[in-house]
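> quick one, fold the following:
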Amino acid sequence: MVKIANEILMFLRSSKKYSNDIYLQEPIGIDKEGNEVTLEDKIAEMEILSLVHKIPAVA
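All right, here's what the predicted structure looks like:
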């Protein structure tokens with residue numbers, strides 16, 4: 001029993017260094033329609049908006 005507890009503690013200590021990692025597919029919120037929003041979604045949205053603003057308007 002003690003050995004199992006030690007193994008668990010060693011695992012938790014070793015995984016602690018990854019606790020600040022952020023993953024693009026990890027949900028960061030929910031939109032108005034109830035869908036999960038990821039960081040990847042927001043980055044893609046920002047890229048699309050920046051492209052739209054760079055295209056000159058046709059007169």
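> tell me if residue 23 really is in a helix.
No. In this structure, residue 23 is coil, not part of a helix, as judged by DSSP: H, G, I helix; E, B strand; the rest coil.
> quick check on the closest residue to it other than its chain neighbours: phi, psi?
Spatial nearest neighbour of residue 23, excluding adjacent residues (CB to CB, 6 or more residues apart in numbering): residue 39 at 7.7 Å. Any C-beta I mention is one placed from the backbone N, CA and C, and that applies to glycine too. Backbone torsions for residue 39, taken as degrees, to the nearest 10, come to phi -60, psi -40.
> also residue 36?
Torsion angles, degrees, to the nearest 10, at residue 36: phi -70, psi 140.
> surely it touches residue 27?
Yes. Using CB atoms under 8 Å, residue 36 makes contact with residue 27 at a distance of 4.2 Å.
> and for residue 37, the neighbour number?
Residue neighbour count, defined by other CB atoms under 10 Å, stands at 13 for residue 37.
> from what I can see it touches residue 30, true?
Yes. Between residue 37 and residue 30 a contact is recorded at 6.4 Å, counting by CB under 8 Å.
> what comes up buried for stretch 28-40?
For stretch 28-40, a neighbour-count test (16 or more other CB atoms under 10 Å) marks residue 38 as buried.
> go on, stretch 35-54?
38, 41.
> what's the distance between it and the middle of its chain?
14 Å (CA atoms, centre = their mean, to the nearest Å).
> ok, and what's touching it?
22-31 (CB atoms under 8 Å, 6 or more residues apart in numbering).
> what about residue 13, neighbour count?
9.
> which of the three states applies to it?
Relying on three-state DSSP, one would call residue 13 helix.
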